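*Asks:* Just the structure for this:
(one chain, ligands or ions: 2)
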Amino acid sequence: MDTPLQNTTRRGLLLILSSPSGAGKSTLARLLMGWDPSIRFSVSATTRAPRVGEADGREYYFRSHDQFTGMIAGGEMLEHAEVFGNFYGSPKGPVEDAMREGRDTLFDIDWQGGQQIRNSVLGRDVVSIFVLPPSIAELEARLRGRAQDSDDVIAGRMAKSQSEISHWAEYDYVLVNRELDQTFARLRSILEGERLRRDRQPQLSGFVRGLNEEFEAR
Ligand SMILES: Nc1ncnc2c1ncn2[C@@H]1O[C@H](COP(=O)(O)OP(=O)(O)OP(=O)(O)O)[C@@H](O)[C@H]1O
Ligand SMILES: Nc1nc2c(ncn2[C@@H]2O[C@H](COP(=O)(O)O)[C@@H](O)[C@H]2O)c(=O)[nH]1
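*Replies:* Ligands and ions are numbered 1, 2, ... in the order given. Here you go, the predicted structure:
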């Protein structure tokens with residue numbers, strides 16, 4: 001007998017990671033993508049200048065202000081926001097493709113983007129996770145340790161961290177990122193649990209039908 005567990009169509013989840021800058025969401029996102037390469041990372045467009053080592057199309061699509069506003073006007077953005085004086089947005093096309101393919105999409109975006117996606121038609125497929133630093137001193141140490149931004153940029157991001165943190169309660173899950181291994185293990189558990197929940201209806205209704213048929217045939 002064909003197992004009904006294989007005959008399913010499933011929707012992709014939209015996994016949103018937000019945090020104050022430097023708390024570790026990009027690090028967690030990289031680990032999650034390495035753990036499950038079927039997850040599609042939503043590469044954002046931004047007007048921010050590339051950092052050393054960043055490549056166009058990999059970390060971000062680096063765009064001019066005019067190009068970015070053109071993308072908004074063309075209806076290409078799922079969400080967009082001004083963050084730390086630059087514009088950032090998530091292109092819609094790749095997300096729609098991933099959802100059609102039943103693949104999960106991972107977003108590394110700020111609270112404004114999280115709110116916009118949660119309030120969109122795709123909101124029911126969102127799983128949102130807010131990452132907190134263990135302390136504000138550690139947040140600053142991580143930003144400095146990353147050695148990617150000037151003192152001014154770091155000061156600006158630290159100044160905004162309190163208002164970013166104030167949105168923690170809007171998220172489905174909150175992780176305090178102390179030990180990276182432990183935070184990553186929790187993140188995986190969240191994803192595994194949410195996948196089981198998503199697959200519960202389509203997979204199990206067929207499976208239980210199979211059990212019923214087997215029962216009737218006895
Ligand atoms: N649990 C952890 N313990 C110690 N260092 C960490 C931990 N998690 C991440 N880091 C380090 O902190 C720095 C900032 O992390 P990361 O770049 O992932 O932050 P972010 O939240 O993505 O920041 P941004 O919003 O600016 O992109 C990196 O150097 C990273 O290696
Ligand atoms: N609303 C959105 N926020 C985004 C997006 N891509 C990134 N971000 C957030 O911006 C800050 C700064 O990022 P950085 O790479 O300059 O350090 C960070 O909080 C990101 O999560 C996006 O598409 N939309």
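*Asks:* make it CA atoms for all contacts and neighbour counts henceforth
*Replies:* OK.
*Asks:* now the least confident helix or strand in the chain by mean pLDDT, how far from the chain's geometric center?
*Replies:* Lowest mean confidence among the helices and strands of the chain (mean pLDDT, DSSP states H and E): helix 180-217, at a mean of 92. Put simply, helix 180-217 sits 21 Å off its chain's centre (C-alpha atoms, centre = their mean, to the nearest Å).
*Asks:* Which other helices and strands does it contact?
*Replies:* helix 25-35, strand 173-176 (3 or more C-alpha pairs under 8 Å, 6 or more residues apart in numbering; DSSP states H and E).
*Asks:* Any buried residues in it, and which?
*Replies:* 183-184, 187-188, 190-191, 195, 198-199, 203, 206-207, 210 (16 or more other C-alpha atoms under 10 Å).
*Asks:* same thing with stretch 146-154?
*Replies:* For stretch 146-154, by 16+ other C-alpha under 10 Å, it's residue 154.
*Asks:* Is there proximity between it and ligand 2?
*Replies:* No: against ligand 2, stretch 146-154 shows no contacts by C-alpha under 6 Å from any ligand atom, the least distance being 8.8 Å.
*Asks:* Helices of the protein, residue ranges please.
*Replies:* 25-35, 65-73, 92-100, 111-118, 136-146, 151-165, 180-217 (DSSP state H).
*Asks:* how far off helix 180-217 does the first one point, in degrees?
*Replies:* I take that to be helix 25-35. Helix 25-35 runs at 40 degrees relative to helix 180-217, counting by axes from the mean of the first three to the mean of the last three C-alpha atoms, to 10 degrees.
*Asks:* how about residue 61, what does it touch?
*Replies:* Taking C-alpha atoms under 8 Å, 6 or more residues apart in numbering, we find residue 61 in contact with 43, 44, 45, 46.
*Asks:* Okay, it and residue 38: tell me how far apart.
*Replies:* 21 Å (C-alpha to C-alpha, to the nearest Å).
*Asks:* same thing with residue 95?
*Replies:* In terms of C-alpha to C-alpha, residue 95 sits 13 Å off from residue 38.
*Asks:* Kindly report the same for residue 105.
*Replies:* 9 Å.
*Asks:* Which one of those two is surrounded by more residues?
*Replies:* residue 105 (23 against 13; other C-alpha atoms under 10 Å).
*Asks:* roughly how far apart are that one and residue 189?
*Replies:* Relative to residue 189, and taking C-alpha to C-alpha, residue 105 is found at 16 Å.
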